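Novice: from the sequence below, what's the structure:
(one chain, ligands or ions: 1)
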Amino acid sequence: MRLDFTKMHGAGNDFVVIDATRRPFDLSPQQLRALGDRRFGVGCDQILVVEPALSGDAADFRYRIFNGADGSEVEQCGNGSRCFLRYVIDKGLTTQPRVRVRTVNALLELVLAEDGRVRVDMGPPRLDPASLPFDPQGLAPDARGFWPLTLADGVAVQAALVSMGNPHAVLLVDDVDAAPVALLGPQVQALSRFSQGVNVGFLQIQARDRARIRVYERGAGETLACGTGTCAAVVAGIRAGLLDAAVEVQARGGQLRIEWDGQGSVFMTGPASTVFEGSIEL
Ligand SMILES: N[C@H](CCC[C@H](N)C(=O)O)C(=O)O
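Specialist: Below you'll find the predicted structure:
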C-alpha cells in the first residue's frame, strides 16, 4: 500500500505523521516497524496517527502514538503533541490556535504561541508507583521521592518515579554528557518491577530554573529530546526541592520550558517543525 506521510520533529525528537482523518488507520505492527526503520524505511522515534474525535467527545481530534523501533503503542508523547498541533493547523484540519486532543489515556489542550512554539497542558503528573506501573515490593522512597533500585550487575541507583500518562524513572547526574546513558538506560528498563517498561531520564540541575537532560526512551532508545521525560524530570526536581516552578531545560536536540505549580497540570512549551512530505510503499 502507498502511504503519504509528513516528517516532523520537536526539539530533535522525530516523527512520521499520518493523516487518518479521512481514511481509517490500519497499519500492522510490522508495517509500523518498517515505517520507523532508519535504514529500510523512513525512520523516526515515534509514528503519530491523527484521527477524528469520537462523536460527542470534548476533544477536537484523537491521536495515537507508536514507538518507531518496535511498533508499540504508547499513552503519551509530549514532543509529538506539539507537532500534532502544527500539523493540523498547517494541513487546514483546524482553524483554531487552541485545540484539544484525546490520546489513549488523556485529554490535552494545545495552544500555538505568538513565536510559533506550542504550549501544552500535559495534565497532572502521577506519583503513585501503580500509575507507571512499578512494583514497590520491599522498597520505599527517600525524603526527596527517590527510590533505591538495584540493577542486574548489583549497581544501586536512585530514581524518582513519575507517570505523565507514560512511565518515567529519573536519575540525577552531575553531567549529562558524561552520564552512562546507553549502559544504565537498558539496565533500568530491564528491571521486572517496570512491568510495562519505562523511559529513563538523566537530569543535570544547573540552577533552580535551568537544567539539562538526556532520555533513554522505552521503545526507541536515546532520543534527542523527550517531552514527557522532561516534564517528569522537572516534577522530580521540584518535588526534591531542587527546582523552582518554571524551568528551562536543554535537551540534545533543543530547549523546552516546563512549568508546574506543585499540584496541578504540568505545562510544556517548545518548538514543532515540519521537515518534508513524502510517500512510501509499505
Ligand atoms: N517512548 C515513550 C513515548 C514517546 C515519548 C517522547 N517521545 C515524548 O516526547 O514524550 C514511551 O514509550 O512512553
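
Novice: CA only for contacts and neighbour counts going forward, please
Specialist: Noted.

Novice: quick one, strands of the stretch 51-200 of the chain?
Specialist: 61-67, 73-74, 98-102, 107-112, 118-121, 146-150, 156-163, 167-172, 199-207 (DSSP state E, counting those that start in this stretch).

Novice: would you mind writing the CA trace of the longest one as CSV?
Specialist: The reference is to strand 199-207. Extracted in CSV, the C-alpha atoms of strand 199-207 (Å, rounded to 0.1, in the frame of the first residue of the first chain):
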residue,chain,number,x,y,z
ASN,A,199,11.6,5.8,29.9
VAL,A,200,14.8,6.6,31.8
GLY,A,201,15.8,10.2,32.3
PHE,A,202,19.1,11.7,33.3
LEU,A,203,18.7,15.2,34.8
GLN,A,204,21.6,17.6,35.5
ILE,A,205,20.5,20.6,37.5
GLN,A,206,22.4,23.7,36.7
ALA,A,207,20.3,26.3,38.7
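
Novice: and the angle for that strand with strand 156-163?
Specialist: Interaxial angle, strand 199-207 versus strand 156-163 (axes from the mean of the first three to the mean of the last three Cα atoms, to 10 degrees): 100 degrees.

Novice: packing partners for strand 199-207?
Specialist: When contacts are defined as 3 or more Cα pairs under 8 Å, 6 or more residues apart in numbering; DSSP states H and E, strand 199-207 sits against strand 167-172, helix 181-189, strand 210-217, helix 227-239.

Novice: nearest to the ligand, of those?
Specialist: The closest of those to the ligand is helix 227-239. By Cα to the nearest ligand atom, the value is 3.6 Å.

Novice: for that closest one, packing partners?
Specialist: By 3+ Cα pairs under 8 Å, 6+ apart, helix 227-239 packs against helix 78-90, strand 156-163, strand 167-172, strand 199-207, strand 254-260, strand 266-270.

Novice: hmm, that helix in reach of the ligand?
Specialist: Yes - under the criterion of Cα under 6 Å from any ligand atom, the ligand is reached by helix 227-239 at 227, 228, 229.

Novice: contact residues of this protein facing the ligand?
Specialist: Contact residues, the chain versus the ligand (Cα under 6 Å from any ligand atom): 74, 76-80, 166, 217-220, 226-229.

Novice: rewinding a little: just the helices and strands packed on helix 227-239: most buried one?
Specialist: strand 167-172 (a mean of 27; mean count of other Cα atoms under 10 Å).

Novice: so which bits of stretch 5-13 are buried?
Specialist: Using 16 or more other Cα atoms under 10 Å as the test for burial, stretch 5-13 gives 5, 6, 7, 8, 9, 10, 11, 12, 13.

Novice: now the residues you listed as CSV including secondary structure and distance to residue 179?
Specialist: CSV is the format used below for the buried residues of stretch 5-13 (DSSP: H, G, I helix; E, B strand; the rest coil; distance: Cα to Cα, whole Å):
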residue, secondary structure, distance to residue 179
5, strand, 35
6, strand, 33
7, strand, 30
8, strand, 28
9, strand, 24
10, strand, 23
11, coil, 20
12, coil, 20
13, strand, 20
